[in-house]
Every structure is written in structure tokens, then in C-alpha cells.
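Engineer: Just the structure for this:
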Amino acid sequence: MSHRRRPHATGPPPPPEKGGGGTPPQSPGKAPWPERRVLVLALAFRAVNALLVRTYFNPDEHWQCLEVAHRVAFGYGHVTWEWKRGLRSYLHPLIFAALYKSLAFLHLDTPWFMVMAPRLLQSVFAAYGDLYLYKLCKLIFSEHVAQWTLFSQLVNWFMFFCITRTLSNSLETVLTVAGLYYWFIAIESSKGISALSKLQ
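Structural biologist: Numbers count the residues shown, from 1 in each chain. You can find the predicted model right below:
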């Protein structure tokens, strides 16, 4: 007498194993911070950062940026030899030349504004760098890691000392972090791979 095998009942798939691919597990009790709140916090912190840092650190923050921007905006100012020979790009100084032109148009081209406005503008760029660092860590790791990374970024003394200065490296840092975030997003959207699985 032959017996028919009963087909296996289909049920819900087993839960994914810990440490596997997919969305990184969130730590219990760690609600995600709204990105707008992170940005507002970073903007306020970096604005104070820019106002507190009053020291001289590297000649490039003046000779390779602000002096060149001043010459573009107002037609006079000293430029070093590499600018005269066309060895450097004007892309970075043009940002601050536009700022200087705006200050002149609004009759705010006083010594205080001419000195502090570029750093305050750079503080806005730095705040977006903080935001994208938070978003990148949340994408790759978890909300818990992202929050602690943001905290570490804000209390890092060297970042506090340098990131609001008008160095091209300060803006490059921000653009690199934002670029890494969108790079991971592009990989996920094109291949369907989670950010965490790429690190394992």
C-alpha cells in the first residue's frame, strides 16, 4: 500500500540571523533623531565654533582663498606666484568672492563682517558635513553608532580648530563625506545591496 507524502506547509520565513545583511538593527530605546534637528544643532554649534576660533593657523586660509577672493571681488589685493601663473583653480575662492560682493551690495563690507562672514559661511558647510557624517554612519551601522559618531565629531578638538577655517581642505572634507554617503546610496539603489553587507 503506497502512502502519499503530504506537501510541506508553507509558513512565514524564518527571521534573519543576527549579523546578516539587510537593514542594520537599531539599538533598543534609540529613536532616530530627525535630520532637521541634527542640522539645526550642527548649524548652531559650528556658528559658535566660527566665532570662538580667532587664531592664525595656516597661511593658505588667507593667501589661497580670501586674498584671492578679495582681489576678484574688489580688484585689488595680493596674490602669490602660483595664481599669477595659473596653477590653481579659482573655484574655491569664487565662493567667497560672491560673499564679498554680497556684503558690498548690502553695505555690510565693514572690517568685522569681512573677517567673520567667510568663517560663518564655512561654518554652514561644516554643519552640513556633520549632518552627512551622521547620515552615513546611520546608513552603514545604526542610529546608536551615528549619534555617538556625531558627538565625537563635535567634541574633536582638531575639527573644532580647523573645520570653520577657509581652507580648501575644510570644504573638501565636507564634500568627501557627502560624496561617500551618496556613493553608498547609489550602490544600494542599483544593486540592492545593503550598506552593512558590503562591510562584511
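Engineer: Could you identify the longest helix within the protein?
Structural biologist: helix 111-140 (DSSP state H).
Engineer: Tell me the buried residues in that helix?
Structural biologist: The neighbour-count check on helix 111-140 (16 or more other Cβ atoms under 10 Å) flags 113-114, 117-140 as buried. The C-beta positions use only the backbone N, C-alpha and C, and glycine is treated the same way.
Engineer: Can you tell me which residue is spatially central in the protein?
Structural biologist: Gly129 (1.6 Å; Cα atoms, centre = their mean).
Engineer: so how far is Gln64 from that residue?
Structural biologist: From Gly129 over to Gln64 the distance is 20 Å, taken as Cβ to Cβ, to the nearest Å.
Engineer: With Ser123 instead?
Structural biologist: As judged by Cβ to Cβ, Ser123 and Gln64 stand 19 Å apart.
Engineer: do the same with Lys101
Structural biologist: 19 Å.
Engineer: Of those two, which one has the most company?
Structural biologist: Taking other Cβ atoms under 10 Å, Lys101 and Gln64 do not tie; Gln64 has more neighbours (20 against 15).
Engineer: Verify the stated contact: Phe74 with Val68.
Structural biologist: No: in this structure, Phe74 is not within contact of Val68 by Cβ atoms under 8 Å, at 11.5 Å.
Engineer: list the contacts for Arg37?
Structural biologist: Contacts for Arg37 (Cβ atoms under 8 Å, 6 or more residues apart in numbering) come out as none.
Engineer: so it is in which element?
Structural biologist: helix 35-52 (DSSP states H and E).
Engineer: What are the buried residues along that helix?
Structural biologist: Neighbour count says helix 35-52 has 38-39, 41-43, 45-47, 49-50 buried, by 16+ other Cβ under 10 Å.
Engineer: Quickly note the distance from the residue lying closest to Leu51 once chain neighbours are set aside to Asp60.
Structural biologist: Spatial nearest neighbour of Leu51, excluding adjacent residues (Cβ to Cβ, 6 or more residues apart in numbering): Met116 at 7.0 Å. As defined by Cβ to Cβ, Met116 lies at a distance of 19 Å from Asp60.
Engineer: Next, count neighbours for Pro59.
Structural biologist: 10.
Engineer: give me phi/psi at it?
Structural biologist: phi -60, psi -20 (degrees, to the nearest 10).
Engineer: List the contacts of it.
Structural biologist: Pro59 touches nothing, counting by Cβ under 8 Å, 6+ apart.
Engineer: now do Arg71
Structural biologist: Contacts of Arg71 by Cβ under 8 Å, 6+ apart are 77-79.
Engineer: Okay, and it sits in which element?
Structural biologist: Applying DSSP H and E, one finds Arg71 within helix 67-74.
Engineer: Buried residues of the following helix or strand past that helix, list them for me.
Structural biologist: Where DSSP H and E defines the elements, the next helix or strand beyond helix 67-74 is helix 81-84. For helix 81-84, the neighbour count (16+ other Cβ under 10 Å) marks Trp83 as buried.
Engineer: mean confidence for helix 81-84?
Structural biologist: Taken as a whole, helix 81-84 has a mean pLDDT of 92.
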